[in-house]
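Engineer: Here is the input, now give the coordinates:
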Amino acid sequence: MLNVALTGNIAAGKSAVAELFRAWGATLIDADRLAREAQAPGTPGLRAIAERLGQDLVGADGALDRAALRRRVMADPAALAELNRIVHPEVFRRRRALEAEAQRRGDRIVVSDIPLLFEVADPAAFDVVVLVDAPEPVRRARLITERGLSALEADRMLAAQAPSGPKRERSTFVIDNDGDLATLEARAREVWTALLARA
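Structural biologist: This next block holds a predicted model:
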């Protein structure tokens, strides 16, 4: 089984590449989905968030107010670090369990979609690291036009992540997403072909 980490800074196009890899046959493990599950109503993760970051982050329906949480942690690095301490160990545990299941099934390529791979995980734990990258002005424009963020929110989101330059140096493959979807798909297909050869 080839164990692949897929990463990229916000609005680089990593999710689009993850969906392409899944469509082409990869087993996809989505760290963002695992994080949402770890913060679902009634979970120890959500209780810890409420206790450490504020009960006001939980709505009357018992669900996490994700927009309020994002605003809080973007404005407070200590709160962001605390959130990471709560969520990331559970995401890591769940991801390892899914990897073990895939190995038992005999899956050929497992792609773990991990946005903060270099910030919170160990890239050396994977056989291959694929980085999806785009210039910061392109990513900023996507955050504003496609995700509806204000310019200030977009700038905060971009500033909260480590720059992509060092990540490029530490990645096995880099997929540049500075063009249209057809170009992205062609570049992703080249990397997928290389992954198949390694698997």
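Engineer: Closest to the centroid, which residue in the chain?
Structural biologist: P115 (2.4 Å; C-alpha atoms, centre = their mean).
Engineer: Let me know the secondary structure of N9.
Structural biologist: Classification of N9 using DSSP: H, G, I helix; E, B strand; the rest coil returns coil.
Engineer: Please name the residues that touch it.
Structural biologist: With contacts defined as C-beta atoms under 8 Å, 6 or more residues apart in numbering, N9 is in contact with 115, 133, 139, 158, 161-162, 164, 167. The C-beta positions use only the backbone N, C-alpha and C, and glycine is treated the same way.
Engineer: residue boundaries of the helices in the protein?
Structural biologist: 14-23, 31-38, 44-53, 66-75, 77-105, 117-120, 136-145, 151-159, 164-169, 181-198 (DSSP state H).
Engineer: which secondary structure elements does the fifth one contact?
Structural biologist: So that's helix 77-105. Judged by 3 or more C-beta pairs under 8 Å, 6 or more residues apart in numbering; DSSP states H and E, the packing partners of helix 77-105 are strand 27-30, helix 31-38, helix 44-53, helix 66-75, strand 109-113.
Engineer: Give the partner strands of the shortest one in its sheet and their orientations.
Structural biologist: Based on DSSP bridges, the pairing partners of strand 27-30 within the sheet are strand 109-113 (parallel).
Engineer: got TSV for the helices of the chain, with mean neighbour count, mean pLDDT and distance to V128 too?
Structural biologist: Formatted as TSV, these follow (neighbours: other C-beta atoms under 10 Å; pLDDT from 0 to 100; distance: least, C-beta to C-beta, whole Å):
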stretch	mean neighbour count	mean pLDDT	distance to V128
helix 14-23	18	97	12
helix 31-38	18	92	16
helix 44-53	16	94	29
helix 66-75	15	88	30
helix 77-105	15	93	14
helix 117-120	19	89	12
helix 136-145	16	95	23
helix 151-159	15	90	26
helix 164-169	14	95	14
helix 181-198	15	97	7
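Engineer: And the ones you listed: which comes nearest V129?
Structural biologist: helix 117-120 (7.0 Å; C-beta to C-beta).
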